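Visitor: I'd like to go over a predicted model; first the sequence, then the structure.
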Amino acid sequence: GARVGRLHAGGLVHGDLTTSNLLVREGLIGDAPERAVCVVDFGLASSGGSDEDRAVDLYVLERAVEATHCGVADAVKAGIARGYGGAAGGCA
């Protein structure tokens, strides 16, 4: 959610925001484990974008989570909402 919020706050709309276009990178920073989400495949992305464009990005992501990760969909959607709200600034 936070990554998407930062994209939207920066004026970028992904255009195909599904879980297939999110990669999780895990590693260590010093002795502490770290996990980061990387957004990939910006082939349908656009700059600027309206509130509706950003909402469609989030809707597509929500539907993808529900369709492909149904066992954990509610928890994932809640995490996305928390991260987005904290990162999107005036876009939320």
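Guide: Cool, got the structure.

Visitor: which residue is nearest the centroid of the chain?
Guide: When C-alpha atoms, centre = their mean is applied to the chain, the residue found nearest the centroid is residue 4 (3.7 Å).

Visitor: part of a helix, is it?
Guide: Yes: Residue 4 sits within a helix when classified using DSSP: H, G, I helix; E, B strand; the rest coil.

Visitor: once you drop chain neighbours, what's closest to it?
Guide: In space, and not counting its chain neighbours, residue 4 is closest to residue 84: 5.7 Å by C-beta to C-beta, 6 or more residues apart in numbering. Placement of C-beta: from N, CA and C, glycine included.

Visitor: and the pLDDT for the residue nearest to the centre of the chain?
Guide: We note a pLDDT of 93 for residue 4 in this prediction.

Visitor: got a list of what it touches?
Guide: Residues near residue 4 by C-beta atoms under 8 Å, 6 or more residues apart in numbering: 14, 17, 39, 57-58, 61, 80, 83-84, 87-88.
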